[in-house]
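J.: one predicted model, sequence on top.
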Amino acid sequence: MSTFALAVHGGAGTILPAEMTPQRERSYREALEVALRRGHSVLSKGGSALDAVQQAVTALEDSPLFNAGRGSVFNADGQHEMDAALMEGAALRAGAVAGVQNVRNPIDLARRVMDNSEHVLISGPGAFEFAYRQKVALEDDQYFFDDHRYQQWQRAKEQDKVMLDHDGERKFGTVGAVARDAHGHLAAATSTGGMTNKKWQRIGDSPIIGAGTYANNATCAVSCTG
């Protein structure tokens, strides 16, 4: 068996040195390190790249620091609509969800779409029904509430515009991971809450296979943001 590799990201955007306090930097680094450890644990035991990227992204979804899962931004209706996707490079299988609400870990639901459905991408109420039938973890709205996200949404409403998942004041990053396992297989995973104040069930690039997420053993594994 050959060596393995894993990379994670917490989103695009720049935090100015004046805004990055030592405590904030430590918090981000610790959250990213948790994700790396989760994925590394899978790969070091001979596990698949697909399982590794799912575990890494799950860890980032569980952190309120990033615009994914628990830390997802508010849409125009004050709700949280999340997108996620993953793909494995051996058989080119993929699964994705878009516009899902109250799902603790959208990347878990995307994996269920890949493994337990005949589809690649499902969205909205249908995705929630699938989540319920698959018995994935669900949370109430309060679980996803974050005061910093709320204030960002208020500013966006006042300016009557949508905002990317990062701005000049704070970084709210789409998250992702790519991996190569000891068997030479590649995988990628991406999860996001989308744009602050987004309207009409807007879906971005993250859950679109070949745009925000892609893996192919013959070429590369990619998780995009920005």
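T.: Here it is on my side, so go on.

J.: contact partners for the residue nearest the centre of the chain?
T.: The residue lying closest to the centre of the chain (Cα atoms, centre = their mean) is residue 191, at 1.6 Å. Contacts for residue 191 (Cβ atoms under 8 Å, 6 or more residues apart in numbering) come out as 57, 60-61, 68-69, 82-85, 106-107, 174-176, 206. (C-beta placed from N, C-alpha, C; glycine too.)

J.: list the buried residues in the helix or strand of the chain with the lowest mean pLDDT.
T.: The weakest-scoring helix or strand in the chain, judged by mean pLDDT, DSSP states H and E, is helix 147-159 (a mean of 87). Of the residues in helix 147-159, 149, 152, 153, 156 count as buried by neighbour count, 16 or more other Cβ atoms under 10 Å.

J.: what are the C-alpha coordinates of it, in CSV please?
T.: What follows is helix 147-159 as a C-alpha-only set of coordinates in CSV (Å, rounded to 0.1, in the frame of the first residue of the first chain):
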residue,chain,number,x,y,z
ASP,A,147,-25.4,36.0,16.9
HIS,A,148,-22.5,37.0,14.6
ARG,A,149,-24.4,35.3,11.6
TYR,A,150,-27.5,37.1,12.7
GLN,A,151,-25.8,40.5,12.7
GLN,A,152,-24.3,39.9,9.3
TRP,A,153,-27.8,39.1,8.0
GLN,A,154,-29.1,42.3,9.5
ARG,A,155,-26.5,44.3,7.7
ALA,A,156,-27.2,42.6,4.4
LYS,A,157,-31.0,43.3,4.8
GLU,A,158,-30.3,46.9,5.5
GLN,A,159,-28.2,47.2,2.4
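
J.: just give me how far that helix sits from the chain centre.
T.: 21 Å (Cα atoms, centre = their mean, to the nearest Å).
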